[in-house]
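Visitor: Sequence below, structure please.
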Amino acid sequence: MSDSVPSTPATPGVTTLNLKGGRRRKLVLGLAVPLSIVFLGALTVFVVMSLKKWRWSTVVVNKGNGAKITGKPRQFMYQDLFSATNGFDPSMVVGSGGFGTAYKAVCPHSGVTYAVQRSKQSRERYNEFSAELTIIADLKHPNLVQLQGWCTERDELLLVYEFMSNVSLDEALHPCSGTERYVTLDWSQRYNVAVGIASAVAYLHEEHDKQVIHRDIKCSNILLDSCFSPRLGDFGLARLKDHDTSPRSTLAAGTLGYLAPEYLQMGKATEKSDVYSYEVVLLEICTGKRPIEIEAPSSMNMLNTVDWVWNLHSEVKLLDAADPYLSGQYDNEQMMRLLLLGLSCVNPFSEERPVMRTVLGILEGKNELLPVPRKKPLLMFVSNVHVDLEGVVSECNQSTVSSDLYELKIDLN
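Guide: Numbering: from 1, shown residues only. Here you go, the predicted structure:
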């Protein structure tokens with residue numbers, strides 16, 4: 001008899017189970033580690049991209065081939081804007097408007113270019129500034145200059161917009177005296193500007209959640225991008241319609257020559273006063289003349305372009321109003337359409353003016369032109385309201401202009 005303990009034979013089922021369990025644990029461990037790494041990597045990338053998107057979501061890049069990145073407006077740091085404008089250096093000024101002075105701003109680190117508007121109002125207007133900011137921030141249209149952000153640090157009120165690489169429509173139509181025209185708009189480009197801005201104003205009046213009255217539509221507030229597509233900007237005077245509840249809630253604000261007679265007199269902006277301003281721009285596009293300008297270099301007489309064009313219409317010589325810089329290179333039917341449309345929309349009686357949706361339809365050939373009387377209608381106001389022209393004019397080169405240029409008769413007795 002042997003003292004050795006006989007070995008227990010291995011159970012095949014148990015051995016196989018142990019082997020399978022080991023393989024399963026190794027497989028789980030083998031998959032868990034790389035999957036965890038992938039998950040953490042993806043999470044890291046997501047966080048980084050989210051931070052970058054938040055940081056640059058409101059910056060518009062205009063360099064190289066003109067690529068653009070846009071998003072929701074955000075609050076900018078004052079120091080960033082101060083550095084980007086070289087301390088708001090006068091050499092960086094690119095324009096001015098109802099809100100204030102506009103500066104070209106170039107980020108020293110990224111090369112990003114944008115426009116910064118610096119308010120000429122005091123910090124005490126912060127509540128009004130905040131209210132108007134809610135209007136601008138919600139506007140989205142391809143023919144509106146898009147707001148990128150704002151800043152309210154150090155008692156400053158600053159708005160940041162996308163930067164337009166070309167000049168304003170005013171500069172394109174009226175180059176400074178003594179300089180050559182370095183931006184020339186042919187007829188097709190001018191017509192495209194007319195259609196684009198009409199679309200933008202129709203959006204403000206009829207397509208936005210709340211009707212927005214711009215109150216300062218003029219050529220210097222229409223900017224041209226690198227493709228000469230128009231963008232309506234400067235909402236410093238813009239108001240929601242339901243904010244204007246009284247007949248004279250504010251003194252009329254804007255630029256003389258673009259102001260509708262009833263707005264000039266009563267101080268209440270409506271969609272029809274915007275229509276008037278737009279059509280003054282339309283006549284300016286066709287004629288190349290400012291709304292009010294000196295008749296001749298040696299003359300002290302002032303020319304009202306609306307009256308001048310209407311007189312040509314009464315003499316059946318309307319095409320004589322075409323801008324001589326076009327050298328006759330325009331479509332006669334389109335030129336006649338724009339001039340007649342312009343006259344129908346500068347009718348002194350606001351109820352006779354079409355809405356902007358109708359104007360756009362006429363420009364696109366979808367609606368018929370409205371009849372235009374041969375003689376300009378005469379409007380008479382009888383009111384005790386004082387007209388303060390100094391308060392009305394926000395930007396006018398001719399200080400001698402008076403209200404009689406509008407055929408506006410005011411009885412203050």
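
Visitor: Assumed Tyr191 was part of a strand.
Guide: No. Looking at Tyr191 with DSSP: H, G, I helix; E, B strand; the rest coil, it is helix, so not inside a strand.

Visitor: That one and Leu338 touch, don't they?
Guide: Yes. Here Tyr191 reaches Leu338: they are 7.4 Å apart, a contact under Cβ atoms under 8 Å. Glycine gets a C-beta too; all of them are placed from N, C-alpha and C.

Visitor: Mutual contacts of these two, please.
Guide: Leu363 (Cβ atoms under 8 Å, 6 or more residues apart in numbering).

Visitor: So those two - more neighbours on which side?
Guide: Each of Tyr191 and Leu338 has its neighbours counted (other Cβ atoms under 10 Å); Leu338 has more, 24 against 20.

Visitor: any idea which helix or strand carries that one?
Guide: Element membership of Leu338, judged by DSSP states H and E, is helix 332-345.

Visitor: Counting by contacts, list what that helix packs against.
Guide: The helices and strands touching helix 332-345, judged by 3 or more Cβ pairs under 8 Å, 6 or more residues apart in numbering; DSSP states H and E, are helix 187-202, helix 271-287, helix 305-314, helix 356-363.

Visitor: If we go by neighbour counts, what in the third one is buried?
Guide: Counting neighbours by 16 or more other Cβ atoms under 10 Å, one finds that the buried residues in helix 305-314 are Thr305, Val306, Trp308, Val309, Trp310, Asn311, Leu312, His313.

Visitor: now that helix against helix 271-287, angle please.
Guide: Calculated by axes from the mean of the first three to the mean of the last three Cα atoms, to 10 degrees, helix 305-314 forms an angle of 70 degrees with helix 271-287.

Visitor: give the contact list for Asp225.
Guide: Going by Cβ under 8 Å, 6+ apart, Asp225 touches Met164, Ser165, Asn166, Arg231.

Visitor: Equivalent analysis for Leu283, please.
Guide: Listed by Cβ under 8 Å, 6+ apart, the contact partners of Leu283 are Lys289, Pro291, Thr305, Val306, Val309, Ala321, Leu339, Gly342, Leu343, Val346.

Visitor: shouldn't the first one be in contact with Asp307?
Guide: No. With contact defined as Cβ under 8 Å, Lys289 and Asp307 do not form a contacting pair (11.4 Å).

Visitor: Could you chop the protein up by domain?
Guide: Structural domains annotated on the chain: 74-162, 169-411, as defined by automatic domain parsing.
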